[in-house]
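Asks: 3D, please:
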Amino acid sequence: MFVGALELDILLGDVHSLKQKRSVVRPVLAEVRKRFAVSVAEAGHTDLHRRTLIGVAVVAEGGEHVRDVLDSCERYVASRPEFELLTARRRLLGPED
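Replies: Below you'll find the model as predicted:
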């Protein structure tokens, strides 16, 4: 069993309130969850209206599959025009960890 985690630190575009931030971030979280069958949540910067930290987690039998899913999630979020991806950090835990 392999467990992968991805943290995406994101700068939001034309957002001026926490309410606007939620209206931009929530649909993206729902789409990532639906499209890639992963767990995803806003995991940081919840008090800042122009920043967010999105956390993605996936569990699978093979490490390569976990890496592929996390790569796809990162590409999808980075391709969103309303987001500027500042950093992406990932962790992979395998049977020997």
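Asks: all contacts plus neighbour counts: C-alpha atoms, from now on.
Replies: OK.
Asks: do you know how far the closest residue to residue 57 other than its chain neighbours is from residue 85?
Replies: Nearest in space to residue 57, with sequence neighbours left out and distances taken as Cα to Cα, 6 or more residues apart in numbering, is residue 5 at 4.5 Å. According to Cα to Cα, to the nearest Å, residue 5 stands 16 Å off from residue 85.
Asks: burial measure for the residue nearest to residue 57, as a count.
Replies: By other Cα atoms under 10 Å, 19 other residues sit near residue 5.
Asks: Show the subsequent helix or strand relative to the strand or helix carrying it.
Replies: Applying DSSP states H and E as the criterion places residue 5 in strand 2-12. Downstream of strand 2-12, the first helix or strand assigned by DSSP H and E is helix 18-36.
Asks: Could you name the helices and strands sitting against the next helix or strand after that next one?
Replies: For helix 18-36, the following helix or strand on the C-terminal side (DSSP H and E) is strand 39-44. Applying 3 or more Cα pairs under 8 Å, 6 or more residues apart in numbering; DSSP states H and E, one finds that strand 39-44 contacts helix 18-36, strand 51-60.
Asks: who does the last one touch, helix- and strand-wise?
Replies: The elements that strand 51-60 packs onto, with contact taken as 3+ Cα pairs under 8 Å, 6+ apart, are strand 2-12, strand 39-44, helix 63-79.
Asks: What are the phi and psi values at residue 38?
Replies: Main-chain torsions, residue 38, degrees, to the nearest 10: phi -130, psi 170.
Asks: so it makes contact with residue 66?
Replies: No - the pair residue 38 / residue 66 is not scored as a contact, 10.2 Å apart, by Cα atoms under 8 Å.
Asks: joint contacts of these two?
Replies: residue 58 (Cα atoms under 8 Å, 6 or more residues apart in numbering).
Asks: Among those two, which residue is more densely surrounded?
Replies: Applying other Cα under 10 Å to residue 38 and residue 66 shows that residue 66 carries more neighbours, namely 22 against 16.
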